[in-house]
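Participant: A structural model of the following input is requested.
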Amino acid sequence: MTDCPSGADPKSCGADPKSCPGCSPGQQQPADTSDKELNRTLKQIRHKILVMSGKGGVGKSSVAVSLALALARRGYRVGLMDVDLHGPNVLRMLGLKDPLDLMHAQFPLPPDLFDNLRVISIEVLMKNREMAVIWRGPLKHQLIRQFLTEVVWGPLDYLVIDAPPGTGDEPMSVAQTIPEAHALIVTTPQEISLADVRKSINFCQKINMDMLGLVENMSGYRCPHCGEAVPLFKSGGAAKTAQAAKVPFLGALPFDPKVVEAADQGELIQLPESESPFFQALHPIVDYLTEVLSPTASRREPGVWKFALPLEDGKLAAKFGQARNFALLTVKDGAIVDQETIPTPAHEPGGIPEILEDLGVTHLIAAGLGEKAQGLIQHKGIEVFPGIPNGSPEELVQNFLKEHPAPPRQCAAP
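Facilitator: Numbering: from 1, shown residues only. Sure, this is the predicted structure:
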């Protein structure tokens, strides 16, 4: 075995030599193949959120893990990727030890999260989780790419990425590998933390990374006896910093001993959100993020339906995969008011459902569509109905409207 490019002996670099991208260079893939797999993966992930901080000790990982849990519990498909390679904590907070399916980043999880949450961390590759990972920048970059290309994430609504503190190799690698990632910056009210968070804001500005906003963690402590909020540090610093940098201030999260204890014990999953002031304060932040990152909803007008039909030679295709074009028909007041035809998007995993959602489609009429494909499309809020092959788009939509009358438009008069 060759020496690990990290400069460490293969026995002490911290990772399993069979999985370490440095100790097993023979497993590395050609750049063009890796790029294709990376692009294929990223197309299946709608939103990528990089959780970062200017310094350590601000509770960044707690925010990242809690955000992923909150999104998954709302029914979204979520991936949680821990790229804090030198201080990974995600698996420990969740109490995840033995992966059920490493290829799919699937651990034994409670039923309400099992189908909605995928988790990956450098710790799954380590025989001894107490050993240090001694890697340089290029190796970190390669592992982050491997997390994205070698794990079968499947279609995801959100990928939450927990980065290490500062503006070093890992955040830069994420920015280079996932150019459409959005930054969520975590800080505390302390001036020393705010000084470092301004560097994170400057980092995002220099590399043109979109910033979702600033979150103030440990903003105060609510007394369990009288309920009064007691500031641990000074208050309002993060809001002022966000205002000065013209970055959205998303909200303040209180210090919650229950969250600290649950994370230390690996029981964060078991903590009821209703019993945690931290999770309660996180709810409006999650509401804001889902609204900002899902502009499709604004393109769906009340009382307006938009139909998509896969076509072959101008008629409904007998098999969904054989479609050469898609007909898009808009219905208002129970009548077809607009129609257009677009080329069929490339049949890549998760690609068509995302494109249909981006087009504002509300209904899909198709034939020869498998249950798995139907599920992916329905997950985007698009209703799927069977259609008779060889029927014209107008006939199929008209027949559908006879059986399912469109809702009338609401009168705008006071």
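
Participant: partner residues bridging the residue nearest the centre of the chain?
Facilitator: Geometric centre of the chain, nearest residue: Tyr158, 1.6 Å, by C-alpha atoms, centre = their mean. Under DSSP bridges, the beta-bridge partners of Tyr158 are His47, Val78.

Participant: and what of Val119?
Facilitator: Note on Val119: beta-bridge partners by DSSP bridges are Leu80.

Participant: you'd agree it is up against Ala105?
Facilitator: Yes - applying C-beta atoms under 8 Å, one finds Val119 in contact with Ala105, separated by 5.6 Å. No exception for glycine: its C-beta is placed from N, CA and C like everyone else's.

Participant: Overlap of the contact sets of those two?
Facilitator: Gly79 (C-beta atoms under 8 Å, 6 or more residues apart in numbering).

Participant: how about the helices in this structure?
Facilitator: With DSSP state H as the criterion, the chain has helices at 31-43, 60-73, 90-94, 111-114, 137-149, 169-177, 191-206, 237-245, 257-264, 277-293, 351-358, 371-378, 393-403.

Participant: and those helices, which one is worst for confidence?
Facilitator: The weakest mean pLDDT among the helices of the chain belongs to helix 31-43, with a mean of 77.

Participant: Report the contact partners of Leu356.
Facilitator: Counting by C-beta under 8 Å, 6+ apart, Leu356 touches Ala308, Leu364, Ile377, Lys380, Ile382.

Participant: Can you get me a residue count around Glu275?
Facilitator: The tally of other residues near Glu275 (other C-beta atoms under 10 Å) stands at 10.

Participant: For it, which non-adjacent residue is spatially closest?
Facilitator: Nearest non-adjacent residue to Glu275, counting by C-beta to C-beta, 6 or more residues apart in numbering: Lys258, 6.8 Å away.

Participant: And that neighbour, how far from Asp264?
Facilitator: Lys258 is 11 Å from Asp264, where distance means C-beta to C-beta, to the nearest Å.

Participant: Tell me the bridge partners for the residue lying closest to Ala242 once chain neighbours are set aside.
Facilitator: Among residues not flanking Ala242 along the chain, Phe249 sits closest, at 3.8 Å (C-beta to C-beta, 6+ apart). Phe249 forms beta bridges with Leu214, as assigned by DSSP bridges.

Participant: you'd agree Phe249 is up against Gly237?
Facilitator: No - under the criterion of C-beta under 8 Å, Phe249 is not in contact with Gly237, lying 10.6 Å apart.

Participant: can you pick the most crowded of the contacts of Leu356?
Facilitator: Taking other C-beta under 10 Å as the neighbour criterion, Leu364 ranks highest of the contacts of Leu356 with 26 neighbours.

Participant: Return the distance of that one relative to Ala323.
Facilitator: For Leu364, the distance to Ala323 (C-beta to C-beta) stands at 11 Å.

Participant: just Pro138 next, same as before
Facilitator: Between Pro138 and Ala323 the computed distance is 43 Å (C-beta to C-beta).

Participant: between these two, who's got more neighbours?
Facilitator: Ala323 (23 against 14).

Participant: and stretch 213-229, how far out from the chain's middle?
Facilitator: 27 Å (C-alpha atoms, centre = their mean, to the nearest Å).

Participant: should've said stretch 172-180
Facilitator: From the chain centre to the centre of stretch 172-180 is a distance of 14 Å (C-alpha atoms, centre = their mean).

Participant: cool, stretch 185-205 as well?
Facilitator: For stretch 185-205, the distance to the chain centre is 23 Å (C-alpha atoms, centre = their mean).

Participant: Share the number of residues neighbouring Arg77, please.
Facilitator: 22.

Participant: Just confirm it contacts Asn116, I think it does.
Facilitator: Yes - in this structure, Arg77 is within contact of Asn116 by C-beta under 8 Å, at 5.5 Å.

Participant: Including distance to Gly303, could the helices of the chain go into JSON lines?
Facilitator: Conversion of the helices of the chain to JSON lines gives the following (distance: least, C-beta to C-beta, whole Å):
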{"stretch": "helix 31-43", "distance to Gly303": "32"}
{"stretch": "helix 60-73", "distance to Gly303": "29"}
{"stretch": "helix 90-94", "distance to Gly303": "43"}
{"stretch": "helix 111-114", "distance to Gly303": "34"}
{"stretch": "helix 137-149", "distance to Gly303": "41"}
{"stretch": "helix 169-177", "distance to Gly303": "41"}
{"stretch": "helix 191-206", "distance to Gly303": "40"}
{"stretch": "helix 237-245", "distance to Gly303": "38"}
{"stretch": "helix 257-264", "distance to Gly303": "43"}
{"stretch": "helix 277-293", "distance to Gly303": "21"}
{"stretch": "helix 351-358", "distance to Gly303": "19"}
{"stretch": "helix 371-378", "distance to Gly303": "21"}
{"stretch": "helix 393-403", "distance to Gly303": "13"}
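
Participant: what's the overlap in contacts for Phe249 and Gly237?
Facilitator: Common contact partners of Phe249 and Gly237 (C-beta under 8 Å, 6+ apart): Glu216.

Participant: picking that back up, from the contacts of Leu356, which land in strands?
Facilitator: Mapping the contacts of Leu356 onto strands (DSSP state E) picks out Ala308, Leu364.
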